[in-house]
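>>> I'll drop the sequence and a predicted model, then ask my questions.
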Amino acid sequence: MRNPISKTVQELAPSGIRRFFDVANTMENVISLGVGEPDFDTPWHVREEGIYSLEQGRTFYTSNAGLSELKEEISGYLARRFQLTYTPEEVLVTVGGSEAIDIAMRAMLDPGDEVIIPEPCFVSYLPCVKMAGGVPVPLALEEKDHFKLTKEKLLSALTENTKILVLPFPNNPTGAIMTESELKEITEVIEERDLFVVSDEIYSELSYQGDHVSIASLPGMAERTIVINGFSKSYAMTGWRLGYAAGPKEIIKQMLKVHQYVIMCAPTTSQYAAIEALRHGDEDVARMRESYDERRRFLVKELNDMGIPCFEPMGAFYVFPNISRFGMTSEEFATKLLHQEKVAVVPGSAFGECGEGYLRISYAYSIDNLKLALGKIQNFIDTLY
């Protein structure tokens with residue numbers, strides 16, 4: 001029998017995050033600080049709207065691109081929060097931000113087109129580029145730069161085949177952000193080299209150094225940028241599986257074509273709930289952001305105090321401490337910590353080779369859970385001396 005599996009898919013490595021937590025899930029009483037899952041419930045008024053939509057029998061397909069009412073609310077939200085101007089026709093509602101990333105790559109790439117992927121980063125970018133026939137070009141960011149993308153770094157990765165730059169800020173796993181002045185430096189290169197940007201802004205509401213700045217808001221960038229966002233992180237709506245893409249009409253039109261064939265439309269109940277989130281959810285977002293900020297400051301201080309160096313992240317809900325001084329790979333450290341102390345964190349190597357020597361620790365958990373986990377981490381490192 002011939003091999004039924006695509007070579008492209010067969011050669012993809014399984015997610016380093018999921019592989020590690022498959023092991024953790026077989027153990028009892030594990031404190032998990034690994035999955036990017038808010039510990040808040042979806043706000044009640046948002047859940048209530050989802051329930052009401054079911055009670056009203058709204059169980060039909062929506063239009064492929066999403067409910068018109070929702071796209072109007074997304075356009076208004078992006079203008080209000082990030083000074084981005086999009087018509088509803090320039091917005092596509094997707095099944096989470098992950099689908100938006102996937103179909104953006106499929107709609108924009110031809111075989112051989114190169115995509116620069118700054119690492120450490122979310123695990124889906126590289127596989128999505130490969131499955132779309134593109135060539136991923138990992139670009140290692142460094143702690144000395146606070147894991148930001150610099151103009152010099154970007155220039156070093158460019159070739160005549162470069163077409164897309166992935167811009168993953170606020171960043172998962174490092175928590176790094178890019179300020180307006182830092183973004184302006186790289187826009188010069190983007191325009192000069194005629195690049196396009198896929199800007200993953202799923203953590204845009206979780207910025208602790210002033211409001212998030214989208215590269216699409218800068219002069220000349222809206223026509224070059226697909227903005228990816230969604231409801232999972234900001235509104236604690238992970239399981240509702242709802243995201244969106246906003247960008248130039250000609251690109252969104254081609255993304256919609258892919259979306260039509262592989263998805264049809266995003267979940268109807270989730271779309272009605274998202275309308276409510278955008279209309280009346282600002283206070284919920286602010287409350288959750290304030291809590292994350294408290295946890296962030298607490299966790300960074302405690303890790304540094306116990307001798308695990310950790311630069312201060314200014315976005316998302318992760319810290320990325322450096323454990324290279326312990327003489328173990330990040331996977332060895334995380335595996336031993338899991339088995340000895342039953343604390344689950346993610347090896348930095350899961351997010352690219354340059355993540356080696358680091359761990360991703362999520363603070364999307366209560367202060368009490370963080371304190372308990374930190375005590376166990378201290379016990380673990382005490383055994384290493």
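In hand now; what should we look at?

>>> the bottom helix or strand of the protein by mean pLDDT?
helix 16-24 (a mean of 69; mean pLDDT, DSSP states H and E).

>>> quick one: mean pLDDT for the next helix or strand after it?
Counting by DSSP states H and E, the next helix or strand C-terminal to helix 16-24 is strand 31-32. The average pLDDT for strand 31-32 rounds to 87.

>>> got it, and stretch 70-78?
98.

>>> what does it contact?
The contact list for stretch 70-78 (CB atoms under 8 Å, 6 or more residues apart in numbering) reads 65, 84-88, 90-91, 93, 227, 229, 244, 246, 271-272, 274-275, 278-279. For every residue, glycine as well, the C-beta is placed using N, CA and C.

>>> with stretch 253-263 instead?
So stretch 253-263 is in contact with 64-65, 92, 94-95, 99-100, 103-104, 106-108, 226, 245, going by CB under 8 Å, 6+ apart.

>>> again, only this time at 7 Å
Applying CB atoms under 7 Å, 6 or more residues apart in numbering, the contact partners of stretch 253-263 are Asn64, Ala65, Leu92, Thr94, Val95, Glu99, Ile103, Ala104, Arg106, Ala107, Ala245.

>>> so which bits of that stretch are buried?
Met255, Leu256, Val258, His259 (16 or more other CB atoms under 10 Å).

>>> just the residues contacting whichever strand or helix holds Leu299, thanks.
Using DSSP H and E, Leu299 sits in helix 282-305. Residues outside helix 282-305 that contact it (CB under 7 Å, 6+ apart): 38, 40, 43, 205-206, 208, 234-236, 310, 312-313, 317, 319, 321, 361, 363, 367, 370, 374.

>>> let's go with 8 Å and repeat that
38, 40, 43, 46, 175, 205-206, 208, 234-236, 277, 309-310, 312-313, 317, 319, 321, 361, 363-367, 370, 374.

>>> what pairs with the next helix-or-strand element following that helix, parallel or antiparallel?
Heading C-terminal from helix 282-305, the first helix or strand you meet, by DSSP H and E, is strand 318-319. Partners of strand 318-319 in the sheet, by DSSP bridges, are strand 359-362 (antiparallel).

>>> hang on, the earlier thing: and the buried residues of stretch 253-263 as CSV, adding secondary structure, pLDDT and distance to Thr162?
What follows is the buried residues of stretch 253-263, written out as CSV (DSSP: H, G, I helix; E, B strand; the rest coil; pLDDT from 0 to 100; distance: CB to CB, whole Å):
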residue, secondary structure, pLDDT, distance to Thr162
Met255, helix, 98, 21
Leu256, helix, 98, 26
Val258, helix, 98, 22
His259, helix, 98, 26
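
>>> same list (these) but as CSV, adding distance to Leu338.
Formatted as CSV, the buried residues of stretch 253-263 follow (distance: CB to CB, whole Å):
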residue, distance to Leu338
Met255, 39
Leu256, 43
Val258, 39
His259, 38
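
>>> out of those residues, what pair is the most spread apart?
Leu256 and Val258 (7.4 Å; CB to CB).

>>> and Val300, how many neighbours?
18 (other CB atoms under 10 Å).

>>> how near is it to Ala176?
Note on Val300: its distance to Ala176, by CB to CB, to the nearest Å, is 13 Å.

>>> same deal with Tyr363?
Distance from Tyr363 to Ala176, by CB to CB: 15 Å.

>>> can you show me the strands along the stretch 151-300 of the chain?
Taking DSSP state E, counting those that start in this stretch, the strands of the stretch 151-300 of the chain run over residues 162-167, 196-200, 225-230, 243-246.

>>> kind regards, and thank you for your time.
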